[in-house]
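Trainee: Return a 3D structure for these sequence lines:
(chains A, B and C)
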Amino acid sequence: MEAKKIFHDVFQNIEVGIGEVSKTVGVSQRQLRYWEEKGYIKPVDDNQSGVRRYTLSTLYLIIFIKTQLDQGFTLSAAFERSKDIKVKSKIVRNFFEHTFNDVTITDADKAYGEIDLGELLVQDGQKYHFKGVVDEHGRYLKIDK
DNA sequence: GTTCTAACA
DNA sequence: TGTTAGAA
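Mentor: Numbering: from 1, shown residues only, chains lettered A, B, ... in the order given. So this is what the prediction gives:
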């Protein structure tokens, strides 16, 4: 089986109970049930037990909402932001999966490097390489011949 | 001991 | 949202 699919299956099958989520994330069980009632989060539906279990992706959503709440946003605003982030993440992931060919490490300890974003063909027939650079100056774009 | 629903401070 | 009661 393809590694990507295995990861997806494993990721999707990891579940956590409401007690553990509550203790770990710092959100009360009451809140979790309320958020569910509001339609913001959804426990895995297959069990007949009536006991709530959350997938990892739901856990991440819960953590995101909690973080937004701590920063002063309302619950509904936090949820709207989560939808926004979800779409943006998907776009960014898609872009990078299909564009960067290689990452060159320039400093492993500081996590500095150059991301080759692909070739750029200009009118004069010259080929350039578009690079995303992360170093002591921050992050910026660079064009190499 | 944990989780659930419902109700009330 | 917190808390509590009574049941699973």
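Trainee: Without its sequence neighbours, what residue ends up closest to residue A:132?
Mentor: Among residues not flanking residue A:132 along the chain, residue A:115 sits closest, at 4.0 Å (Cβ to Cβ, 6 or more residues apart in numbering). C-beta here means a position set from N, CA and C on the backbone, and glycine is covered the same way.
Trainee: any idea how far DNA strand C is from the one you found?
Mentor: Per Cβ to the nearest atom of the strand, to the nearest Å, residue A:115 is found 39 Å from DNA strand C.
Trainee: swap in residue A:52?
Mentor: Residue A:52 is 13 Å from DNA strand C, by Cβ to the nearest atom of the strand.
Trainee: now residue A:100
Mentor: 39 Å.
Trainee: wait, doesn't that residue sit right on residue A:116?
Mentor: Yes: applying Cβ atoms under 8 Å as the test, residue A:100 and residue A:116 come out as touching, 5.9 Å apart.
Trainee: pLDDT score for residue A:92?
Mentor: Listed pLDDT for residue A:92 reads 89.
Trainee: The residue nearest to residue A:132 against residue A:100, yeah?
Mentor: Yes: contact criterion Cβ under 8 Å: residue A:115 and residue A:100 qualify, at 5.0 Å.
Trainee: ok, and the closest non-adjacent residue to the closest residue to DNA strand B within chain A?
Mentor: Nearest residue of chain A to DNA strand B (Cβ to the nearest atom of the strand) works out as residue A:19 at 2.1 Å. Computed as Cβ to Cβ, 6+ apart, the closest residue to residue A:19 that is not its neighbour in sequence is residue A:29, at 7.0 Å.
Trainee: Let me see the confidence value for that neighbour.
Mentor: 97.
Trainee: how close does it sit to DNA strand C?
Mentor: 7 Å.
Trainee: quick one, what contacts that residue?
Mentor: A:18, A:19, A:22 (Cβ atoms under 8 Å, 6 or more residues apart in numbering).
Trainee: out of those residues, which touch DNA strand C?
Mentor: Near DNA strand C, judged by Cβ under 7 Å from any atom of the strand, there are no entries from the contacts of residue A:29.
Trainee: what is the rounded mean pLDDT of stretch A:32-44?
Mentor: Rounded mean pLDDT across stretch A:32-44 is 96.
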